[in-house]
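Any chance you could fold what I've pasted below:
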Amino acid sequence: MTPTAIFYLINVILIFNFALSRLLDYLNNLSFSPELPQSLASYYDADKYKKSLLYHKEKDRLGMWAEIIGFAVMMIFLWSKGFGWLSTLLEPHFSNTILLALCYFGILSFASGLIGLPFEIYNTFTIEQKFGFNKTTLKTYITDKIKGILLAIILGGGLGYLFLWLVGSLGHNFWLYAWGAGILITLFLNMFYTSLIVPIFNKLTPLLAGELREKIEAYARTVNFPVKNILVINGSKRSSKANAYFSGMGRGKKIVLYDTLIENHTNDELVSILAHEVGHYKKRH
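Take a look at the predicted model:
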């Protein structure tokens, strides 16, 4: 296949993927009922349901424009030979091909982040604020961004260097070793995500002894769900939304509850929410 044919094939794949994604989003939105279904009337407030629909529509509209603009910029850059231009611009400054590649993809990633930044800011400080969810201050937002960039450079750069080194050192068989390394890295991050990554952005504290902890531990024993730690995360620092999750593997599992979840639910409700998370584990999601 000629380079020209490959170029046009890449364009076809990109356009097809973008069009399919937007079509599926459109069809998904058509399935939303404008009125609260009768089967849920006794469980859910009709006004809250309408508010949730408005929230979803605004988020989806913003996401649609973010995707359209991002896709348009990428296609313009592709057709104007911007990717090749950037490579040519960087090559004289690097004798190490791995560092050249890392810098190349780092610049593209940073540029992509800049394009999406206005949409992200609007989402956080306009849409989330409008619907009463946002608790993020400007200081927290900027600090999170700086931490995220540094983490991407250290972690992403390290993993990228490993992958590119495998490509250059192992030739055609690189994919097998890269696959194995990817599995080990994924397992490592799954085991230590809450211990190593989360504390960079949030404060984690052990759930104090009391009725809630006793109920969670009792439930975990009944379903044979090994728990090492039950932690509370200060999610209210950024949003009033509530969440819960578990991380880790084997007997090193950790249950993490958002403080907003604890504030707005009874102990029995919290155990029910936890049961949902345990379901993911039991079904090997």
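
For stretch 17-33, buried residues please.
residue 18 (16 or more other CB atoms under 10 Å). C-betas here are computed from N, CA, C, even on glycine.

I meant to write stretch 194-213 there.
For stretch 194-213, burial by neighbour count (16+ other CB under 10 Å) applies to 194, 198, 201, 202, 207, 212.

and that stretch, how far out from the chain's middle?
On the basis of CA atoms, centre = their mean, to the nearest Å, stretch 194-213 sits 20 Å off its chain's mean C-alpha point.

can you give me the mean pLDDT across it?
Stretch 194-213 shows a mean pLDDT of 91.

Just the CA atoms of it, as PDB, please.
Output of stretch 194-213 as PDB, limited to C-alpha atoms (Å, rounded to 0.1, in the frame of the first residue of the first chain):
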ATOM      1  CA  THR A 194      -5.500   4.600  46.100                       C
ATOM      2  CA  SER A 195      -2.300   4.600  48.100                       C
ATOM      3  CA  LEU A 196       0.000   6.400  45.600                       C
ATOM      4  CA  ILE A 197      -2.000   8.500  43.200                       C
ATOM      5  CA  VAL A 198      -5.200   9.600  45.100                       C
ATOM      6  CA  PRO A 199      -3.300  11.300  48.000                       C
ATOM      7  CA  ILE A 200      -1.700  13.600  45.500                       C
ATOM      8  CA  PHE A 201      -5.000  15.200  44.900                       C
ATOM      9  CA  ASN A 202      -7.200  14.300  47.900                       C
ATOM     10  CA  LYS A 203      -7.000  13.600  51.600                       C
ATOM     11  CA  LEU A 204      -7.800  10.100  52.700                       C
ATOM     12  CA  THR A 205      -8.700   9.300  56.300                       C
ATOM     13  CA  PRO A 206      -9.700   5.900  57.900                       C
ATOM     14  CA  LEU A 207     -13.400   5.600  58.600                       C
ATOM     15  CA  LEU A 208     -13.800   5.900  62.400                       C
ATOM     16  CA  ALA A 209     -15.000   3.000  64.500                       C
ATOM     17  CA  GLY A 210     -18.800   3.100  64.900                       C
ATOM     18  CA  GLU A 211     -22.000   1.700  63.500                       C
ATOM     19  CA  LEU A 212     -21.300   2.400  59.900                       C
ATOM     20  CA  ARG A 213     -17.900   0.700  59.900                       C
END
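
tell me which residues in the one helix or strand residue 279 maps to are buried?
Per DSSP states H and E, residue 279 falls inside helix 267-282. Neighbour-count burial for helix 267-282 flags 270, 271, 273, 274, 277, 278 (criterion: 16+ other CB under 10 Å).

I'd like the distance between the third one and residue 220.
Residue 273 sits at a distance of 13 Å from residue 220 (criterion: CB to CB, to the nearest Å).

Over to the fourth one?
According to CB to CB, residue 274 stands 8 Å off from residue 220.

picking up where we left off before, format the buried residues of stretch 194-213 as a markdown table; extra columns: secondary structure and distance to residue 19.
Shown next, in a markdown table, are the buried residues of stretch 194-213 (DSSP: H, G, I helix; E, B strand; the rest coil; distance: CB to CB, whole Å):
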| residue | secondary structure | distance to residue 19 |
| --- | --- | --- |
| 194 | helix | 38 |
| 198 | helix | 37 |
| 201 | helix | 35 |
| 202 | coil | 38 |
| 207 | coil | 47 |
| 212 | helix | 48 |
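
Nearest to residue 239 among the residues you listed?
residue 202 (11.5 Å; CB to CB).

That closest one touches residue 235, doesn't it?
Yes: with contact defined as CB atoms under 8 Å, residue 202 reaches residue 235; the gap is 7.2 Å.

okay, now residue 224: neighbour count?
By other CB atoms under 10 Å, the residues close to residue 224 number 8.
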